[in-house]
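Colleague: Starting from these lines, generate the structure:
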Amino acid sequence: MSAATPTKTDLGEMTAAELSDVFASGEASPVEAVKASLERIDRFNPVVNAFAYVVAEEALAEAKASEARWQKGKPLSPIDGAPTTIKELTAVKGIPLRRGSVLGDTEPCNRDLEIIQRLRGAGATILGTTTSPEFGWKGLTHGPHFGNTVNPWHTDRASGGSSGGAAVCAALNMGVLHEGSDGAGSIRIPASFCGVFGIKPTFGWIPADAPSALFELAHRGPLTRTVEDAALFLNATTGWSPHALYGRCPSPVPDWRKVVKQAGTLKGFTLAYSRDLGYAKVDAEVAAAVDKAVTRLGELGATIEEVDPGFACPQETLLTLWYAAQAKAIGAFAPTDEQKKNMDPGLLKIVEEGQTYSALDYIAARQARADLTVHMELFFQKYDALVLPTMPLTAFEAGMDFPGNGTGRDWSDWSPFTYPFNLTGQPATTVPCGFDADGLPIGLQFVGPSFRDDVVLGMAAAYQAAFPEERLSEPRKG
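Modeller: Okay, here's the model as predicted:
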């Protein structure tokens, strides 16, 4: 290597797009990049508990194969060799499917889901799996079996969830691409709490080939430091598949990276801005940061109209579908009384409630979901996108299910802005837009009409390029 070769620390701070450039130029190799990521994992993970499983030897072997491809000038894709993590709720061949639970597997999985097959087909180097709450049941990442995943900006605060480990890894660049899943906000909640970018794509772009009682609520997507890196992830993973159990995928699939690179002015776009959806309570510091961000969108050329989308809070619809799905999932494992002693009491509580719902209750919730989908598609006949806070508050105390150790109906009480758009299946992104007085990140959310992910990606990219936020170099202990 030349004297200009980046140091391991430099490689550890790079994005997927930047690593692709240095791999192509020969200034650095995928092996060096993976070693840099593993070094960061060794340093940071004991503080934040973001990894469920690390496969260092396998990652280095994959990186060696990627290095050979780059040396021949035949990489599989721009993310060939990119250090990548997978959420522990996703099946990865060679890694136990833990599910964050005592009910999880202890033996290595013998299959990859299609999203993993596609990432491997693009040459991504898999570092391991990241933490989730038990069966991804809540918007936080802690539980009795595997402990607490904490916020890297303030380690006595929550990381969010259920893709909490993925968000923490993105914030600390323990790898550059991070797969997550989002059934009611599980990409956007931790991305907002941890100050990174996340997208819940329109349901159908990424094939759903794993049976799930959540059906179309459960989206998979990336968490990354930059919108461009998320676009690289989407380029590798979106597209039609005969194995998709639910949903549809239109053709052709956009070049997501091209969408992001062409983003700039927002002139010609009309955005609806809702501060609270007409029914939610928002922390004053969050409201001020989002107001400022919306003003900035206007400076980028967008026309802004303050308007609520005009639907009633759909929490009960979400919870009927959510609780029934969790009852089905946990019931299939038939946990023993001894196992239940090491399970999250909150999960067991919603499973019990989910078992009481009738088929008529479930069908009524499905109908309400369909009605909301139509309502929002009609709303987007007038507006290109809806902009609103991702979360109404910043990260609260780690290890608690409610802010201030309070109580409530459900964790969705404090995440009112995410789950409506799982019910509709529409694309939703979160991008950092400031910090509160304690130095905790705040997220700005864009929601768009179905399969117009190009619109929300482009808006997030334009905002991030014009108004970048601080990034972490190491955890900040609280």
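
Colleague: Okay, strands next: where are they in the stretch 1-150 of the chain?
Modeller: In the stretch 1-150 of the chain, the segments counted as strands under DSSP state E, counting those that start in this stretch are 51-54, 83-87, 125-130, 142-143, 147-148.

Colleague: nearest to residue 254, of the ones you listed?
Modeller: The minimum distance between residue 254 and these falls on strand 83-87, with 21.7 Å, by CB to CB. Placement of C-beta: from N, CA and C, glycine included.

Colleague: show me what contacts the residue lying closest to residue 93 once chain neighbours are set aside?
Modeller: Ranked by CB to CB, 6 or more residues apart in numbering and with sequence neighbours excluded, the top spatial neighbour of residue 93 is residue 112, at 4.7 Å. Counting by CB atoms under 8 Å, 6 or more residues apart in numbering, residue 112 makes contact with 91-93, 120.

Colleague: Relative to residue 289, how far out is residue 112?
Modeller: 40 Å (CB to CB, to the nearest Å).

Colleague: just to revisit the earlier point, mind checking which of the contacts of residue 112 land in helices?
Modeller: residue 120 (DSSP state H).

Colleague: Emit the ChimeraX select command for whichever of the contacts of residue 112 are buried.
Modeller: This is the ChimeraX syntax for the buried subset of the contacts of residue 112, where burial follows 16 or more other CB atoms under 10 Å:
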select :91,92,120
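
Colleague: now, which of the contacts of residue 112 sits nearest residue 395?
Modeller: Sorting these by distance to residue 395 puts residue 92 at the head of the list, at 27.9 Å, by CB to CB.

Colleague: didn't that closest one look like it was pressed against residue 129?
Modeller: Yes - with contact defined as CB atoms under 8 Å, residue 92 counts as touching residue 129 (6.2 Å).

Colleague: who touches both of those two?
Modeller: Counting by CB under 8 Å, 6+ apart, the contacts common to residue 92 and residue 129 are residue 86.

Colleague: List the residues that contact the closest residue to residue 302 other than its chain neighbours.
Modeller: Nearest in space to residue 302, with sequence neighbours left out and distances taken as CB to CB, 6+ apart, is residue 266 at 3.9 Å. With contact set as CB under 8 Å, 6+ apart, residue 266 has these partners: 297, 300-302, 459, 462.

Colleague: Most widely separated two among those residues?
Modeller: The widest separation within those, taken as CB to CB, falls between 301 and 459 and amounts to 10.8 Å.

Colleague: circling back to that earlier point, would you mind giving me the confidence score for the residue nearest to residue 302?
Modeller: In the prediction, the pLDDT value recorded for residue 266 is 97.

Colleague: Please identify which helix or strand holds it.
Modeller: Using DSSP states H and E, no element contains residue 266; it sits outside every helix and strand.

Colleague: just use 33 as the starting number from now, easier for me
Modeller: All right, first residue 33 from here; so that's residue 298.
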